[in-house]
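*Asks:* below is the sequence, then the predicted model.
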Amino acid sequence: MRASSRRVLPWAALAVAVLAAAWAVAYARRAARGPSRAPVVSPAGLPALPDPGSSLLIMAPHPDDETLGCSGLIRQAVARGATVHVVVMTNGEGFRAERSLMAVEEMLEGTVAERLQLARKREHETLSALQACGVSRDHVFFLGYPGAGLPLLWQPGHWPLSRPWRSAAMLSSRNPFPSSFSRGAPYAGQQVLADLTAVMSRVRPTAVFTTPPYDIHPTHWATANFVLLALAQYNGQADRPVPLYWYLVHYPHWPVPWGYAPSQPLRPPHTWAHWPGLSWFAVSLTAEEVRHKTACLSRYATQGAAHSAELRSFLRANELFAQASLAPTAAPAAVRDPLRNLPADWLRPEEDIVQLRVAGEAGAGLLSLELAAPPDPSLYYTVVWHSLAVPGPSVASFAWHNGKGVVVLAAADGAVRPLPATCEVRGAELVTGLPADALIASPVTLDAFCRRGRHYANHTLTAVVSLPPPGAGEPAPPH
């Protein structure tokens, strides 16, 4: 028996190893291919490729995001005679890993001085990379908002100019950066919108590019929200609608394969590849253009970009964009979000938002937030809606935590006040009654997120919807 076992075990081990290797290869190929259905990236390339009459506006949450997602497109656009402008929402002064790379004597100057110095370095890196792509200094706008605070500026509490958010990193509630578009402006959502609107009016874009609402970095999805709101307002006054394209930067287990693979294509994450309403397009890059993008990325020394596997994962044979619709959806207003769109080690079922609905009822409204599991009282659930009315807009939100819900309204005059609301849990749904004041001028942008302490777990798509008129019906009112 022992002799037989010694003969069988090596062969069994070999068989297991072969099967494991075959499974790993198959998994890697399947992951690289993405979904097994028909190709999701349009073979026609990006619609309306840049020409001498085009004006591209690239919105970057941080310095380097524009290079990761769009530097190939930027270079091609400039070569074709198009105009390119770049907006950088934040200066990235709060990234600790970057600050640790600075000289000791600079760090000893003090926290705020150190962050100001880092902000200047990151601005210089951005200008250097964009200059290599053919974008001049006067076509780059640094807005200088606090990255950690941007999701808070989107909400009613820090929307009005009179209620700015105070940055613990900069010890200030106003923009301190000398090179900013609005130096000294308050850290308030209304100011962010005003800056974006002013930039759009100045450059008159024919296409806008930014990160998507499903990017897992809070500064990235907050940037998406602000850009969508500003562009929707701008389109309401423009001769023809300006298209919006999204480029993804932060997403779990993506890009595939991980690391430097310049001959490999960049494909959509499986979850979003066939999501209704998203159209995917690729801009192909030649080997020389990939080398140029590599050189541009290497200029971000504070990021360690020349050696970062994460950042070098974007040096691919193409750049990838999803086109988002800005057309309002009809009442009842609904925003759907994919189930299990993030891995289990990132997202628990009670954090997984499935659908968000707003309906009218008896002179007011009803809001329903559906989850994959019953809500956890220790978590924070928030829904935000912004009116596209000009001037304005008003903004309202619903938040639920520890079994209690509250509706907050920031009116166009800057007043912020809580509104009476009833709330109940129905299985995996949170349902709340909305007072008439919360149904601000339609259409609105509508989005929701879940937070675990300070950690943002899940954010829905952000959609433009028409709020329902009173008496629209479902869902049934709370008791």
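*Replies:* In hand now; what should we look at? Numbering: from 1, shown residues only.
*Asks:* please count neighbours and contacts with C-alpha atoms only from this point.
*Replies:* OK.
*Asks:* next, residue 193: phi, psi?
*Replies:* Phi and psi for residue 193, reported as degrees, to the nearest 10, are phi -60, psi -40.
*Asks:* residues touching the closest residue to it other than its chain neighbours, list them.
*Replies:* Closest residue to residue 193 apart from its sequence neighbours, by CA to CA, 6 or more residues apart in numbering: residue 230 at 6.1 Å. Applying CA atoms under 8 Å, 6 or more residues apart in numbering to residue 230 gives the contacts 193, 196, 197.
*Asks:* which one of those is nearest to residue 376?
*Replies:* residue 193 (33.2 Å; CA to CA).
*Asks:* wait, isn't the closest one in contact with residue 225?
*Replies:* No. With contacts counted by CA atoms under 8 Å, residue 193 stays clear of residue 225, the gap being 10.2 Å.
*Asks:* which strand residues bridge residue 85?
*Replies:* Following DSSP bridges, residue 85 is listed with bridge partners residue 57.
*Asks:* what's the burial count for it?
*Replies:* Neighbour count for residue 85, taken as other CA atoms under 10 Å: 23.
*Asks:* ok, now residue 277?
*Replies:* Applying other CA under 10 Å, I find that residue 277 has 9 neighbouring residues.
*Asks:* cool, residue 270 as well?
*Replies:* Quick note: residue 270 (other CA under 10 Å) scores 16 neighbours.
*Asks:* likewise for the one 10 residues further on?
*Replies:* Neighbouring residues of residue 280 were enumerated by other CA under 10 Å; the total is 23.
*Asks:* again, but for residue 202
*Replies:* Neighbour tally, residue 202, other CA under 10 Å: 9.
*Asks:* could you look up the SS state of residue 376?
*Replies:* coil (DSSP: H, G, I helix; E, B strand; the rest coil).
*Asks:* higher neighbour count, residue 193 and residue 225?
*Replies:* Using other CA under 10 Å as the criterion, residue 193 and residue 225 rank with residue 225 on top: 25 against 21.
*Asks:* list the buried residues for the helix or strand containing the more buried one?
*Replies:* Secondary structure assignment for residue 225, by DSSP states H and E: helix 218-235. The neighbour-count check on helix 218-235 (16 or more other CA atoms under 10 Å) flags 218-234 as buried.
*Asks:* immediately after that helix, which helix or strand?
*Replies:* Defined by DSSP H and E, the subsequent element after helix 218-235 is strand 244-246.
*Asks:* and that next one, average pLDDT?
*Replies:* Averaging pLDDT along strand 244-246 yields 96.
*Asks:* thinking again about what came up before, from the contacts of residue 230, which is closest to residue 292?
*Replies:* residue 196 (29.5 Å).
*Asks:* sketch out the low-pLDDT regions of the stretch 251-400 of the chain for me.
*Replies:* 330-332, 361-363, 391-393 (pLDDT under 70).
*Asks:* from residue 214, how far off is the residue nearest to residue 193?
*Replies:* To residue 214, residue 230 is 18 Å away according to CA to CA, to the nearest Å.
*Asks:* buried residues in stretch 452-471?
*Replies:* 456-470.
*Asks:* in strands, which of the residues you listed fall?
*Replies:* 456, 457, 458, 459, 463, 464, 465 (DSSP state E).
*Asks:* beta partners of the third one?
*Replies:* Put plainly, it is residue 458. residue 450.
*Asks:* who's in contact with it?
*Replies:* Here residue 458 is in contact with 216, 347, 351, 352, 353, 449, 450, 451 (CA under 8 Å, 6+ apart).
*Asks:* how would you label the second one: helix, strand or coil?
*Replies:* Spelled out, it's residue 347. The three-state label given to residue 347 by three-state DSSP is coil.
*Asks:* count of neighbours near it?
*Replies:* Applying other CA under 10 Å, I find that residue 347 has 17 neighbouring residues.
*Asks:* quick check, it in contact with residue 456.
*Replies:* No. With contact defined as CA under 8 Å, residue 347 does not count as touching residue 456 (10.0 Å).
*Asks:* which other residues reach stretch 403-413?
*Replies:* 156-157, 159-160, 377, 391-400, 415-423, 432, 434, 437-438.
*Asks:* the residues you listed in strands, which ones?
*Replies:* Using DSSP E, the contacts of stretch 403-413 in strands are 395-400, 416-419, 423, 432, 434.
*Asks:* phi and psi next, for residue 303.
*Replies:* According to degrees, to the nearest 10, residue 303 has phi -90, psi -10.
*Asks:* meant to ask about residue 411
*Replies:* phi -80, psi 170.
*Asks:* likewise the one 10 residues further on?
*Replies:* Listed backbone geometry of residue 421 is phi -160, psi 140, with angles given as degrees, to the nearest 10.
*Asks:* any idea how far the closest residue to it other than its chain neighbours lies from residue 368?
*Replies:* Distances taken as CA to CA, 6+ apart place residue 433 nearest to residue 421, at 5.4 Å, with adjacent residues excluded. Between residue 433 and residue 368 the distance, using CA to CA, works out to 9 Å.
*Asks:* and residue 181, by the same measure?
*Replies:* Taking CA to CA, one finds residue 181 at 39 Å from residue 368.
*Asks:* likewise residue 171?
*Replies:* Residue 171 is 38 Å from residue 368, where distance means CA to CA.
*Asks:* ok, these two, which is more surrounded?
*Replies:* residue 368 (25 against 11).
*Asks:* in which helix or strand would I find the more buried one?
*Replies:* With DSSP H and E as the criterion, residue 368 is inside strand 364-371.
*Asks:* which strands or helices does that strand pack on?
*Replies:* strand 353-361, strand 429-434 (3 or more CA pairs under 8 Å, 6 or more residues apart in numbering; DSSP states H and E).
*Asks:* give the pairing partners of it; include direction for each.
*Replies:* strand 353-361 (antiparallel), strand 429-434 (antiparallel).
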